[in-house]
Each structure stands twice: as structure tokens, then as C-alpha cells.
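Undergrad: kindly return the folded structure for what I paste below:
(2 chains)
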Amino acid sequence: MELKNRFERSIVNTLLFMGGLLVSLPFVWMILSSFKNEREVLSIPPTLFPNEPTFEHYINLFQNLNFDIYLVNTFIIVFFSMVGLLLNTMAGYGFGKFQFRGKEIWFATVLLTMMIPGQVTMIPTYLILNEAGLTNSMAGIVLPGLIAAFNIFLIRQFMVTIPDDLIEAARLDGAGEFYIFFKLIIPLAKPILAVQIILTFIGAWNSFLWPLIIANDESLYTLSVGLALLQDQNVTNYGLQMAGSTFMVVPVLIIFIIFQKHIVEGFNVSGIK
Amino acid sequence: MEVNRFKAKITPYLFIGPAVILLLIFSFLPILVSLAISFTDMNLSGLANWSQINFIGFDNFITLFKDEVFLKSMRNTFFYVIIGVPAAVISSFVIALLLKFVSDWMSSAFRVVYYLPSVTNIVAIAVVWGFLYNQEYGLFNYLLSLFEINAIPWLEDPLIAKLSLILLTVWKSNGVSMLIFLAALQSIPKMYYEAADIDGANRWQKLCRITLPSMRFATFFVTVTTVIGWLQFFEEPFVMTEGGPLNGTNSMALFIYQEGFQYSEFGYGAAASFILFIIIILATVVQFILRKSDEN
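TA: Below is the predicted model:
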């Protein structure tokens, strides 16, 4: 579809530009406010740019609040989510490239779990973890989210396209199954895994529900749980709240903008037409 | 030779085993546990001592339908679906359509901008929007005051609070649907439009006769997933309003969380979660039936 004249084109451009401005407004306001001191952030009329830019809120996050601990915990969760991704990849390979008894049933089982809403499993999963003595532990936070059926499905779709001959040749050369998986399959799957790694990182960085339910001690809090706590305890200190939010949001924004091309393309590859 | 055969036989299970076992423990087992406890009065004392748990039949379900808070959260959830789904589907569709009109580099730049909210953390977003929505110090009311419009109680009035949460959620979730619509738009063959041009069709006719019908499946897919998403609406009211004011923004998913983890009424919460599950299944089945009859 082409636009006929410059007038129409400028209308569409203006609409998109206004929309883009509205969409990015909360981010801009968040970042600018995080550098304003406590008085200025509440001033009416509000200032756009901070009069006396200050880092006090960011220093506060780490010195007086425990954002250093939350950050470490968040990274631990990110690490385990990558282990989960490895397990998903192994399962995707298993379903994509092996023939074995009960394969269809097991794969259907995996797909079925995608349809179960999180709210239904929330309470019983907590009870199961409680029975296993894993509440208030890192294992309890990490385990429920380790496997994602949708990722297994996506990775399997890719694995199916790898030629059997390639794997057979490696076997004839005497390579073991796990050697083949790590040295042959994973390098071949790089494009799809790269996207998965980014999405898994973002998901783990943002994870909120299980850390909230499982962690009783502040020493186990993640950034998002810590930020919710910060909001409860500093209701009117908006500068501090914005600094905490900026610290959570900006790294993800940067990572997304760097890798957006791959993610958007990966979306097209996953084939929804 | 025997050993090799055995090895070849168990290899696939070594690959799928860990993931499948974890899925069974954290997805299938919970469904069974949930079904079992929804017919009991399990609560905190039952957690400590299983002999305290009593089978109470359908009592939980009967009580739920007399529970004013549950009924209110159910009505709110339907409100979210009825207002939120069209708002989310139409706005992402319009954005995708506009992106189709502009040059390639502008399209990719704006795609990133419109998608950005989707990758951000919901707690941080709720904190930021809580500030924007603040009645006294918030940016929104300040901007309105420039136009001599009185301050709006964004989160203080039950009805307006629901709409405020919908606005925030549409802002946050537009990205994915937009990408799906864009992919669908790009897959429409150019020659359809060229043929229509030769026949002298105007733009409106092309939109109604070519674009919209070609996007049927994408629209269906986006609608189904959006409905499911809104039925499970949880994090936004949880972080921003905690269901208030006066349960005005409480949703079914939030109700389940509150019963389970704030009041430790595990049996009662599990029963509520099954009602939500059934509603989700019904809503999805109805949409599939509608699509079938639409095709015939």
C-alpha cells in the first residue's frame, strides 16, 4: 500500500511520532525524575530537566537499601534460567531428532502444559515446594520456572530441520551422543539459541511472582521484589522509586535495543502468519 | 553389542528426561493436587498437620458463589475483558497498519519504540505509572491542569481505577500483538492490491476487502491469546492498587493469590482457581466455535 501524496504521508508520520512520544513518555519521565532531589520531584509545576542533577537516590539504593543483595540474587536466577534453557534445548533435540516409544504422548504432554494457567498451579506448587522443604530457598524460587514448554516446542521445530545424515556421520566417526549435542547441535542452533538466551535473560531479570511467594527473608529478594518493598516503605519518595525503577528497566532496554533485530526476526521465523 | 543397543535406547530419554520430569512435577502434579484440595478445607493448620484437613465436597464452590469479594472480582475480570480486549487488539492493529505505510527505516525504528514496554519489568512499570497517576504530584494531572481540566482520581475511584489499569496494560502489552499483525500484513501478496488498483478500488475498499479478510487468522490468534491474558489479569492490580479501592480493581487471579498466600486458605483458593480455569477453557472453546461458523 502506497500513500498518494506528501500531505497524507505527513499525517501518518505525525500520528506515529505522537504515539511514539506517548509510549516513551513514562520512560523519559522515570529517568529524568530519578535525578531530581526529593523536593524537586514533588514540585508543582514540575520541572522537565532536573535543576540540580543528583545521584543521591542511586547511592541510597546501594548504601541504605539492599539493592546489591537483590542484584546478586537476580543474577543467580538468571544463571539458573540459563541452565533451564539448556534443559529445554536438550528436550527440544530429543523430541526433534530421536525415535523412541511414547514420543508422541510425551510431546503432547509437554504441549498440554502450555494451556494450564499459572494461577491454577500457583497454590499447589507452593504446597509441593513446602512439602519438599524448599520454601524460603533459592531452589524453591528457581525450580518452578526452569522449564518452558513453549521454548521446547520452538527449539524442537528448529531441530527437526537438521539433516539426520549429519548426526549419523558423527556417530559413525565414533562421537558420543552428548559430544554430538554439545559440539555439533548447539553450534548449529546458534541463531535460535541467541534469541532464546536474550528472552530468557529478560524473563529471569524481570521474574517477580515466585521470588515473592517463596522468599520470606530479604536476603533472598530479587530486584523486582525489592522494588515492590521499596515502594511500600517510601510511599512519597518518588525520586528514590524512580531510581529503583530506572535501575531495573534501563539495562533491559539497552539489551533489547542492541539485539532487537534478532528478536523481531526470530518472531517472524517462529511462523505466525 | 547388547550394551550399545541399550545405550541407544536410553539416549533419547536422557535428553528429554530432565525437562519432562520437571514439567510433570511443576505442571501436572499441581493440577491433581489442586483438584484434590479444592474439595477440602485445607488452610495453614492443614499445612502443618495433614490430619486437620477435611473433605468438604462442593462447599468451597458453593461458598465462592456467595462470596461478595469473589463475585466482585469476577465482574471486574469480565469488565477487563470487555473493555481491555477490543482496546488492545484494535490499538495494536492500527499501529501495525500505520507502520506499513512508512519507509523501512522509520518502520523498524518505531517498531522498537512501540515494543519496548513489553520487555520491561511490571513492578518498575507499576511504580512509574503510580507516580504518573498520582492525584497531586502526578504528571498526568499536571498536563490536564494546563488545559484547565480538574484533577482526575486515576487510582482512587473504583471505575476510573479499572480504566487506568487497562490503559497501562494496553500500553505495556501492545508490542507482541503488533509484531504478529505486522508479520501477517507483510505476508499479503502485493498483487492483490495491484489487481484492486486496476479495478479502481479506493483505499477503504482495499482495507475492507483485502487487508481485513487476509488478517483473519492473525486477528483470531491475537484475540484468543489476549482474552486469555486479560482473564488472568494479575500483576498490574496487584502492584498498583492491591485490588482496591474497595476491591474495585480486584481480579479473579488476584483473588486466588490473596486467598492462597495472604489468608492461607489453600483449599478455597484452589477452588477459585478451578472456576477461573473453566472460564478460560469456555472462552477459548467459544471463540473456536465462532471462528468455525465464520468460515462456513
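Undergrad: only C-alpha atoms for contact and neighbour calcs from this point on.
TA: OK.
Undergrad: how far off centre is stretch A:60-76?
TA: 19 Å (CA atoms, centre = their mean, to the nearest Å).
Undergrad: brain fart, stretch B:43-50
TA: In this view, stretch B:43-50 has its centroid 33 Å away from the chain centroid, taken as CA atoms, centre = their mean.
Undergrad: quick one: residue B:263 from chain A, how far?
TA: Using CA to the nearest CA, to the nearest Å, residue B:263 is found at 12 Å from chain A.
Undergrad: tell me how many other residues surround that residue.
TA: Using other CA atoms under 10 Å in any protein chain shown, residue B:263 has 13 neighbouring residues.
Undergrad: for residue B:50, same thing?
TA: 11.
Undergrad: now residue A:231: how far from residue B:128?
TA: Separation of residue A:231 from residue B:128 (CA to CA, to the nearest Å) stands at 10 Å.
Undergrad: more neighbours: those two, which one.
TA: More crowded of residue A:231 and residue B:128, by other CA under 10 Å: residue B:128, with 26 against 23.
Undergrad: residues in contact with the more buried one?
TA: Contacts of residue B:128 were listed using CA atoms under 8 Å, 6 or more residues apart in numbering or on different chains, and they are A:26, A:30, A:241, A:242, A:245.
Undergrad: okay, and the common contacts of residue A:231 and residue B:128?
TA: residue A:241.
Undergrad: give me the residue ranges of chain A where confidence is low.
TA: Residues of chain A meeting the criterion pLDDT under 70: A:1-4, A:264-273.
Undergrad: in it, which residue sits closest to chain B?
TA: residue A:91 (4.1 Å; CA to the nearest CA).
Undergrad: confirm that residue sits in a strand?
TA: No. Using DSSP: H, G, I helix; E, B strand; the rest coil, the assignment for residue A:91 is helix, not a strand.
Undergrad: if I look at it, how far off is residue A:154?
TA: Counting by CA to CA - residue A:91 and residue A:154 are separated by 11 Å.
Undergrad: among those two, which residue is more densely surrounded?
TA: When residue A:91 and residue A:154 are compared on other CA under 10 Å, the one with more neighbours turns out to be residue A:91, at 29 against 18.
Undergrad: what's near enough to touch that one?
TA: Counted by CA under 8 Å, 6+ apart, residue A:91 has contacts A:152, A:156, B:15, B:16, B:17, B:18, B:19, B:20.
Undergrad: swap in 10 Å and give it another go.
TA: A:85, A:97, A:107, A:147, A:149, A:151-153, A:155-156, B:12-20 (CA atoms under 10 Å, 6 or more residues apart in numbering or on different chains).
Undergrad: tell me which residue is most central in chain A.
TA: Geometric centre of chain A, nearest residue: residue A:203, 1.6 Å, by CA atoms, centre = their mean.
Undergrad: dihedrals phi and psi, residue B:135?
TA: Backbone torsions for residue B:135, taken as degrees, to the nearest 10, come to phi -70, psi -40.
Undergrad: could you find the closest non-adjacent residue to it?
TA: Excluding its sequence neighbours, the residue lying closest to residue B:135 (CA to CA, 6 or more residues apart in numbering or on different chains) is residue B:153, at 5.8 Å.
Undergrad: that neighbour against residue B:161, yeah?
TA: Yes. With contacts counted by CA atoms under 10 Å, residue B:153 reaches residue B:161, the gap being 7.9 Å.
Undergrad: please report the distance of residue B:228 from residue A:60.
TA: 40 Å.
Undergrad: those two: who's more crowded?
TA: Higher neighbour count among residue B:228 and residue A:60: residue B:228, with 20 against 15, using other CA under 10 Å.
Undergrad: quick one, what contacts the closest residue to that one other than its chain neighbours?
TA: Leaving aside its sequence neighbours, residue B:228 sits nearest to residue B:280 (CA to CA, 6+ apart; 6.3 Å). Neighbouring residues of residue B:280 by CA under 10 Å, 6+ apart: A:115, A:116, A:117, B:224, B:227, B:228, B:229, B:230, B:231, B:232, B:274, B:286.
Undergrad: tell me the first helix or strand C-terminal of the longest helix seen in chain B.
TA: Longest among the helix segments of chain B by residue count, using DSSP state H, is helix B:68-101. Using DSSP states H and E, the helix or strand that directly follows helix B:68-101 along the chain is helix B:104-119.
Undergrad: for that next one, buried residues please.
TA: Buried residues in helix B:104-119, defined by neighbour count with 16 or more other CA atoms under 10 Å in any protein chain shown: B:107, B:110, B:111, B:112, B:113, B:114, B:115, B:116, B:117, B:118, B:119.
Undergrad: is residue B:243 in a helix, a strand, or coil?
TA: coil.
Undergrad: what does the one 5 residues further on give?
TA: Using three-state DSSP, the structure places residue B:248 in coil.
Undergrad: what sits against residue B:291?
TA: B:216, B:217, B:220, B:285.
Undergrad: how close does the last one sit to residue B:230?
TA: I take that to be residue B:285. Shown here: residue B:285 relative to residue B:230, a distance of 16 Å by CA to CA.
Undergrad: quick one: which of those two has more around it?
TA: residue B:230 (23 against 13).
Undergrad: tilt between the helix or strand harbouring that one and helix B:68-101?
TA: Using DSSP H and E, residue B:230 maps to helix B:216-231. Counting by axes from the mean of the first three to the mean of the last three CA atoms, to 10 degrees, helix B:216-231 lies at 150 degrees to helix B:68-101.
Undergrad: do the next helix or strand after helix B:216-231 and chain A meet at all?
TA: Per DSSP H and E, helix B:216-231 leads on to helix B:235-240 as the next helix or strand towards the C-terminus. Yes. Helix B:235-240 reaches chain A (CA under 10 Å from any CA of the partner chain) through B:235, B:239, B:240.
Undergrad: most neighbours of all those residues, which one?
TA: Highest neighbour count within these: residue B:240, with 22 neighbours (other CA under 10 Å).
Undergrad: find the closest residue to chain A in the stretch 1-150 of chain B.
TA: For the stretch 1-150 of chain B, CA to the nearest CA, closest residue to chain A: residue B:16, 4.1 Å.
Undergrad: farthest-separated two in the contacts of residue B:291?
TA: B:216 and B:285 (17.3 Å; CA to CA).
Undergrad: what packs against the helix or strand where the residue nearest to the centre of chain A lies?
TA: Assigning secondary structure by DSSP H and E places residue A:203 in helix A:190-206. With contacts defined as 3 or more CA pairs under 10 Å, 6 or more residues apart in numbering or on different chains; DSSP states H and E, helix A:190-206 has these neighbours: helix A:67-97, helix A:149-160, helix A:186-188, helix A:223-233, helix A:238-269, helix B:104-119, helix B:122-133.
Undergrad: which of those is buried the deepest?
TA: helix B:122-133 (a mean of 24; mean count of other CA atoms under 10 Å in any protein chain shown).
Undergrad: coming back round to it: looking at residue B:153 and residue B:161, which one has more neighbours?
TA: Neighbours were counted for residue B:153 and for residue B:161 using other CA under 10 Å; residue B:161 has more, 23 against 16.
Undergrad: who are the contact partners of the more buried one?
TA: Counting by CA under 10 Å, 6+ apart, residue B:161 makes contact with B:133, B:153-155, B:167, B:237, B:240-241, B:243-245, B:248-249.
Undergrad: how about CSV for those residues, with pLDDT added?
TA: Shown next, in CSV, are the contacts of residue B:161 (pLDDT from 0 to 100):
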residue, pLDDT
B:133, 90
B:153, 88
B:154, 87
B:155, 88
B:167, 93
B:237, 90
B:240, 87
B:241, 86
B:243, 82
B:244, 78
B:245, 87
B:248, 88
B:249, 91
